[in-house]
Each structure stands twice: as structure tokens, then as C-alpha cells.
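*Asks:* Need coordinates for the following:
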Amino acid sequence: MTLRFSVLASGSTGNAFYIESEQEKIMVDAGLSGKKLDTLFNKINVDPSKLSGILVTHEHSDHIKGLGIFARKYNLPIYANEKTWKAMNGNIGKLSIDQKFEFKMEEVKTFGDMDIESFGVSHDAAEPMFYTFRQGEQKVALVTDLGYVSERIKKTVEDADAYVFEANHDVEMLRMGRYPWSVKRRILGDSGHVSNEDCGLALSDIISNRTKRIYLAHLSLDNNMKDLARMSVHNVLHERGIDIDLYDTDPEEPTPLFEVS
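*Replies:* This is a model prediction of the structure:
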């Protein structure tokens, strides 16, 4: 038994994540058009009609843009917490009652042979939360869209086999960039996004000898670059005596399915 996953798309223009076990096929977020999501699934040779359901992290459009259309097309159940359901209600169109399920914050739900735990994050949304996925001894953690990584979050996601972790911006690029100061302040604040350096610092506290792979996610198109993110995070980890390969994610292309073994 094993977990396999792909970061279908990641960035400020749209986010979607896919993870599967022997029995279950789970999608997290649907922040791209239905047509684009079909294309991404096709590239990793996964049939979306076989999905067990879609988990939602929060109501921002780069996470739910194609949610309603995709769920209706394949008649998929959607799981979100109560405040997120209310916040996204007007943006996803009509769904049948048997497609709407609640997934509370700080809850563990079992989907077949996979245990999924939700945890709250600090972000400017109604009640944002992300997830860890477990099957037996294997653990994958999805951690983006948060202003800072609290000790509670570190405890929840520590010691995972693989991470998809936010490295949103380079602080100097953001400070010098074209965004209005109000937006810069939001991104830099406790309810914004994690910088490259803070990503490295958080990872250095949570990864262990069992950690096999780290994907850097939700990179800003305006305030970051893949090479810069990789170098910045690598340098922080290296300073703390940790050397591990870092992998890119992309707003347009899925990562190849990675098998946690």
C-alpha cells in the first residue's frame, strides 16, 4: 500500500492537488477552469470521474474557480468547513444536497484506507485550513496560504514523507515590486503568505530522516522565481545542516505522480 500524488497546479493564478491510495482518489481545491483541470488530469493519466471527492482549503478564487463546474460535471462530493461553505456559496453555482459535506477544522476523516486531518492556518479567508494525508506509516502534508507557521501547525505536519510547502515570495522582490503598499502589507502580514526564508526555517523544524521529497508551492509570479526560491530555501536548510532535494511546482504543468515508498 502506498500514497501517490501530483501538484496539478500551484501559484497565484490557480491551485489544485491530487493524491491517491489503493482505494481512494482525492482532489484538493479546483482553482482553474474545468477545461484546464481536465487537461491536467489527462497529463498524469488520471480519470477525474473516478475521484472520491474534492476537499476545499478556503474560498479564494485561485482555489475554487472551477470547483462548481468540475463537481457538477463528474457528480463529485465536496468537503469544506461551514464558514468556507458560506463564503464560497455565491461563487460555485448550484450543487445538489448530496454533493455537499462538512469537514470541520482540526478533524480527522477516514476515506477508505486514507486518514485525512485538517488543520487551521492564518490567512485572510473565512476559515482556511489545509490537510495531512496518512496511509499506514506514510504521511504527506499540504501547507500553503498562511502568513506564518505556528508551533501547532509544525506539530501537526512534522515528520512527513513528503511536503508541498509554500514559498510564496522573496521579501526584497516584494518590497521593491509594483504592488501597492496595502497589498505588500497584506502579503507580509500574519494572514498573508510565507516567504522563501520562512519556508526554509519552518521546514528545518519539521522534516526528519524519513522526509523524501519537498515541493515548493504557491510561488508568486511577480515576487519570486523558481531558482531563487530553491536557492533561498536550500541555503536556510544547509545552514542548519540539512541537505535535501527541492522540487518545483508550476501554475500550468502538473508534477509527475510521486510514489511515497
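*Asks:* so how far is stretch 152-172 off the chain centroid?
*Replies:* Centroid separation for stretch 152-172 versus its chain: 10 Å, with C-alpha atoms, centre = their mean, to the nearest Å.
*Asks:* Name the residues of it that come out as buried.
*Replies:* 153, 156-157, 160-171 (16 or more other C-beta atoms under 10 Å). The way it works is simple: take the backbone N, C-alpha and C, and place the C-beta from them, glycine included.
*Asks:* Kindly export that stretch (C-alpha atoms) in CSV.
*Replies:* Provided in CSV are the C-alpha atoms of stretch 152-172 (Å, rounded to 0.1, in the frame of the first residue of the first chain):
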residue,chain,number,x,y,z
ARG,A,152,0.8,23.9,16.5
ILE,A,153,1.0,23.6,12.7
LYS,A,154,4.6,22.3,13.0
LYS,A,155,3.5,19.6,15.4
THR,A,156,0.7,18.6,13.0
VAL,A,157,2.8,18.3,9.9
GLU,A,158,6.2,17.2,11.3
ASP,A,159,7.9,14.0,10.3
ALA,A,160,6.1,13.6,6.9
ASP,A,161,7.4,11.6,4.0
ALA,A,162,6.7,14.5,1.6
TYR,A,163,5.7,18.1,1.8
VAL,A,164,4.0,20.6,-0.5
PHE,A,165,5.0,23.8,1.2
GLU,A,166,4.5,27.5,0.5
ALA,A,167,7.5,29.6,-0.7
ASN,A,168,5.4,32.5,-1.9
HIS,A,169,7.8,35.4,-2.2
ASP,A,170,11.2,36.8,-1.9
VAL,A,171,10.9,39.7,0.6
GLU,A,172,13.1,42.1,-1.2
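*Asks:* tell me the mean pLDDT over it?
*Replies:* For stretch 152-172, mean pLDDT is 98.
*Asks:* Pull the most distant pair out of the buried residues of stretch 152-172.
*Replies:* D161 and V171 (29.7 Å; C-beta to C-beta).
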